[in-house]
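Trainee: Need a 3D model of the following:
(one chain, ligands or ions: 1)
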Amino acid sequence: MTNEELKSAIAACDCPECRALTGLLNEAGAKLQISTVRGGRFCEMAVVAAAGERGLPAGDIVPRRRRYAEHLGIQLSGNTQNDDKPNHIMWATKHSNHHPDASDPGGRINLGLARAVERDGSFFLTWTSSDKPRFVKVPFYVEQDGGKTLFLPSLATTSGFWIGPKGEERCVPNYWDALNEVSAMSTPRFRRENAAGNRGIVACKAGDVEEVKASYIERLIGQLGND
Ligand SMILES: [Zn+2]
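Mentor: The predicted model follows:
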């Protein structure tokens, strides 16, 4: 097995350790070497990360690291890779990119956003992906009473989102596609229900957009029960 094959296998696997390792590399931006002959470090990071906020008791780490290496079909050989103590994660709690004062820069583990911590006999390797919330620009229409009606997933009909001017109106099933199309219009137009319950086309003023958290929109889409 080549290192590239190993990386693809990890990316494709649904087990908690492979998912945690993929998150650690892609979300947290950790720089871990994924290698068939130097598996000790990344396997140990994967099993601790997989425990998430629960943490992993020190005594469970080595057996899990070995089991995970077996799962991947790689050998952990030599004192460093196959240590009887959880030395990789212990090292990471003191010598990571979060410790600029650590004396040995070459030995530091770059964990990206993730932090390695020991607490009450357990180890934790966690990060938060909400450090930088993503915002999207959403056009809005100012109603007669001054309230704003934003082009949000809550405007969905059973067939999707009705956008565009009278005569050229079309229905877009997917919210994100609809938002892209509406945002590209010089005068964004969409159909919405007014306070009296009538569905009418409204025209937004160019530049009337509000920054909305993408996670909020995703939550609204989830409540609709469509994709
Ligand atoms: Zn796996």
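
Trainee: how is this protein carved up into domains?
Mentor: 3-126, 135-224 (automatic domain parsing).

Trainee: so which of those domains comes closest to the ion?
Mentor: domain 3-126 (3.2 Å; CB to the ion). Quick note: C-beta positions are derived from backbone N, CA and C, even for glycine.

Trainee: ok so, going back, can I get the domains of the chain in CSV with distance to the ion and mean neighbour count?
Mentor: CSV is the format used below for these (distance: least, CB to the ion, whole Å; neighbours: other CB atoms under 10 Å):
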stretch, distance to the ion, mean neighbour count
domain 3-126, 3, 17
domain 135-224, 26, 14
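
Trainee: Take those and write them to CSV, including mean pLDDT.
Mentor: Shown next, in CSV, are these (pLDDT from 0 to 100):
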stretch, mean pLDDT
domain 3-126, 92
domain 135-224, 93
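
Trainee: Then Ile201 would be within a strand, right?
Mentor: Yes: according to DSSP: H, G, I helix; E, B strand; the rest coil, the state of Ile201 is that of a strand.

Trainee: and it, what are its bridge partners?
Mentor: Arg191 (DSSP bridges).

Trainee: so it makes contact with Arg189?
Mentor: Yes: if you go by CB atoms under 8 Å, Ile201 and Arg189 touch, sitting 5.6 Å apart.

Trainee: what's the overlap in contacts for those two?
Mentor: Taking CB atoms under 8 Å, 6 or more residues apart in numbering as the contact rule, the neighbours common to Ile201 and Arg189 are Pro165.

Trainee: The closest residue to Thr22 other than its chain neighbours: which element?
Mentor: Leaving aside its sequence neighbours, Thr22 sits nearest to Ala11 (CB to CB, 6 or more residues apart in numbering; 5.9 Å). Per DSSP states H and E, Ala11 falls inside helix 3-12.
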